[in-house]
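In: mind looking at a prediction? Sequence and model below.
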Amino acid sequence: MNARSRHLVVAVVTLVCVAALGGLPALLNGYTTGLFTTALIYAILAVSLDLVWGLTGVIDLGHTIWFALGCLGVGIATTHVDPVTALVTTVHSELSRYLLGTVGGAVAAAVVAVVIAAWVFSFRNGGSLYVVVVTLAASVVAGIIYLKTGSFTGGDNGLFGFSYTELGPRGGYWLSLAVLLVVVAGALVFARSDYGIAMRAVRDNEGRAGYLGVNAFAVKTIVFVIGAVVAAIAGALYGTVSGVASEPLVQFSFATEVVIWVAVGGRGTIVGPAIGAFGMSLLTSYLNTEYAAQWLLVQGTMFVLVVLFVPRGVLPALAGLSRRLLGRPASGTDIRTLRLASAGARSGGEPAGEVAVDISRLTVSLGGLKILRGVDLTVRRTELLAIIGPNGAGKSTLLSVMADGRARVGGEVTLRIATRLGHRGRPPFRLARAGLTRKFQIPELFDSVTGAETLVLAVHRGRRLSPWRRTKDIGVAPEVMRVLRIAGVADQLNRPVADLPHGLKQGLEIALAIASRPAVLLMDEPTAGLTHDERAAIGEVLKRLALAGTAVVLIEHDLDFVDAIADRVAVLHDGRVVHDGHPRTVRESDAVRTAYIGARE
Ligand SMILES: Nc1ncnc2c1ncn2[C@@H]1O[C@H](COP(=O)(O)OP(=O)(O)OP(=O)(O)O)[C@@H](O)[C@H]1O
């Protein structure tokens, strides 16, 4: 089956499902329609959590707080007669109270979510553990606040009797179905957009995403707030059709249930969590009255089984099974292609030969261990500098410090990229956006993201990624194309990186590092694991890049390779530069000989 007929099948199946769901109330009584309506609303809630947790990797254990805020917004706007709502009622229809409540709830959720996100995600390690603790604590605090503000929230009894009766059970059902369809469609577009790549990159390897220019803090904050707003809209809908707002909505047990729906359905797939929530919440409403304890046990067991045997969830497992039965490759629907882009301007417009990186008296200590002991080094534009030295000399540390302005160091690193750029305190994503890129010694990419998608991030330097557009033709410079071909990865770009063998990952890493047209290119043993011919060809590419204006810094062990391509060689030994000069002078240097012989001894 080709891509077009596959799309046709998906479209027909979707239409049939939507038509069946739309016609369902004709077969149901009012009570059952209400149960199905609630299941649809919970599906919206699950999709909102999937954006945050499934796609971006942020575990929000207080996600139902946003749902409760939306529900309360409607409850408060329709049951309290205060000057604001009274004014609205006299000026507009009753419906406006519901709309006001929805907007109010969504705004309140957005404000609280921004505060929590800005605080938690600013922790040094990106806050991945803190967000679990803080959102869990937030649900407890929200419960206490709910009960203590009885006059406003209804306290122990909650607020009730405020449903929008004109809607009727069928109207509520169709409204919920319409909102669910809009939310699922929007979430799918968002997830498949260029911004969606950044979300998955942050989820898979937040630290690495920064070196491609992705601002993980902003991505997590934005998605966390979007998730909160969508959950609040679901909550407002729940309030509108059920007319009940109560404290259990913010309880941790409800939030856990939503996590289970998402996990069982298949996190990160949008449709899976929607189906999981719809099915499991319907079962809950039928089984909870008579078999409450047993059903709880079944849900818990299901969660454990999914985590153990199908960690990606039931829907992806079924999709994988059908692919195997039909003999289709996994990457069939997500094809992106490369095209040659003209060799546009390199970042920074300073003349050739200008100093691009200026390092003076640089010291790095780790506990009592002095790794760098006063390094002075400059790197110029149009220069390829090789750093060599025995194992443990501090080469990788030096490169890491150059690529991350937050490292705790003594001395100075100054960058003159576009303009003179302060280095100290700047996170990797800022340096990457300014034109400094890095290739890691051991390829470190994003398991679930394809090579082509990673190139989208690199080409954009993690900026201005559209939340709806999907770059299908990626414009890359000729040298990027050349590296991809040399390493044999050019025709493997639509496979998730986790499936690529080491050599191909290595080639992809090099291509990524040069795809953003950097002013300063830092490479830690770029050709380790490649064949002799591949090394020579990549060496040629690096040499040409330097000639075209990039300052290239290379850590290398192979002296013949260094001889062939480097303009200058700095020898690092025991945290100090013991030699700095033309490659010819290296073998004759006493200091170098002592360093290597000493290291061997
Ligand atoms: N996170 C760390 N924890 C403990 N020791 C570290 C850490 N990072 C670096 N070191 C130590 O600092 C020294 C320099 O390490 P670095 O990796 O910079 O050297 P290198 O010259 O790149 O070595 P190699 O050629 O083996 O990669 C080594 O002795 C290493 O053990």
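Out: Right, received. Where do you want to start?
In: when you work out contacts or count neighbours from here on, use the C-alpha atoms and nothing else.
Out: OK.
In: which residues does Gly410 form a beta bridge with?
Out: For Gly410, the beta-bridge partners are Thr363 (DSSP bridges).
In: how close does it get to Arg124?
Out: Between Gly410 and Arg124 the computed distance is 20 Å (C-alpha to C-alpha, to the nearest Å).
In: check which residues of stretch 357-372 are buried.
Out: Val357, Asp358, Ile359, Ser360, Arg361, Leu362, Thr363, Val364, Ile371, Leu372 (16 or more other C-alpha atoms under 10 Å).
In: do the same with stretch 134-154
Out: 134-136, 138-140, 142-143, 146-147, 152-154.
In: please flag which of these sit within helices.
Out: Of the buried residues of stretch 134-154, the ones assigned to helices by DSSP state H are Val134, Thr135, Leu136, Ala138, Ser139, Val140, Ala142, Gly143, Tyr146, Leu147, Phe152, Thr153.
In: ok, those vs the ligand, which is closest?
Out: Distance to the ligand, by C-alpha to the nearest ligand atom, is smallest for Val134 among these, at 28.4 Å.
In: which non-adjacent residue is nearest Gly549?
Out: Thr382 (4.4 Å; C-alpha to C-alpha, 6 or more residues apart in numbering).
In: same thing with Asp473?
Out: Thr337 (5.0 Å).
In: how many neighbours does that neighbour have?
Out: By other C-alpha atoms under 10 Å, the residues close to Thr337 number 15.
In: on that earlier part again, compute the number of surrounding residues for the residue nearest to Gly549.
Out: With other C-alpha under 10 Å as criterion, Thr382 counts 25.
In: show me what contacts it?
Out: Taking C-alpha atoms under 8 Å, 6 or more residues apart in numbering as the contact definition, Thr382 lies against Ala352, Gly353, Leu545, Ala546, Leu547, Ala548, Gly549, Thr550, Ala551, Val552.
In: Asp473: which of the residues you listed is nearest?
Out: Leu545 (23.5 Å; C-alpha to C-alpha).
In: quick check, pLDDT for the closest one.
Out: If you check Leu545, the pLDDT there is 91.
In: can you give me the strands in this structure?
Out: Taking DSSP state E, the strands of the chain run over residues 159-160, 244-245, 337-340, 355-366, 369-380, 384-388, 410-416, 420-421, 436-439, 473-476, 520-524, 551-555, 568-573, 576-581.
In: so which elements touch the third one?
Out: Contacts of strand 337-340 with other secondary structure elements, assessed using 3 or more C-alpha pairs under 8 Å, 6 or more residues apart in numbering; DSSP states H and E, are made with strand 473-476.
In: buried set for the strand it packs on?
Out: Across strand 473-476, burial judged by 16+ other C-alpha under 10 Å covers Ile474, Gly475, Val476.
In: briefly note if stretch 518-528 comes near the ligand.
Out: No - Stretch 518-528 stays clear of the ligand (C-alpha under 6 Å from any ligand atom), getting no nearer than 8.2 Å.
In: that stretch: how far from the chain's middle?
Out: 24 Å (C-alpha atoms, centre = their mean, to the nearest Å).
In: same deal with stretch 282-289?
Out: 35 Å.
In: which residues are contacting stretch 359-377?
Out: 358, 378, 393-394, 397-398, 408-414, 574-577.
In: which among these end up buried?
Out: Among the contacts of stretch 359-377, those classed as buried by 16+ other C-alpha under 10 Å are 358, 378, 393-394, 397-398, 409, 412-414, 574-577.
In: the bottom helix or strand of this protein by mean pLDDT?
Out: Within the chain, no helix or strand scores below helix 83-91, which has a mean of 57 by mean pLDDT, DSSP states H and E.
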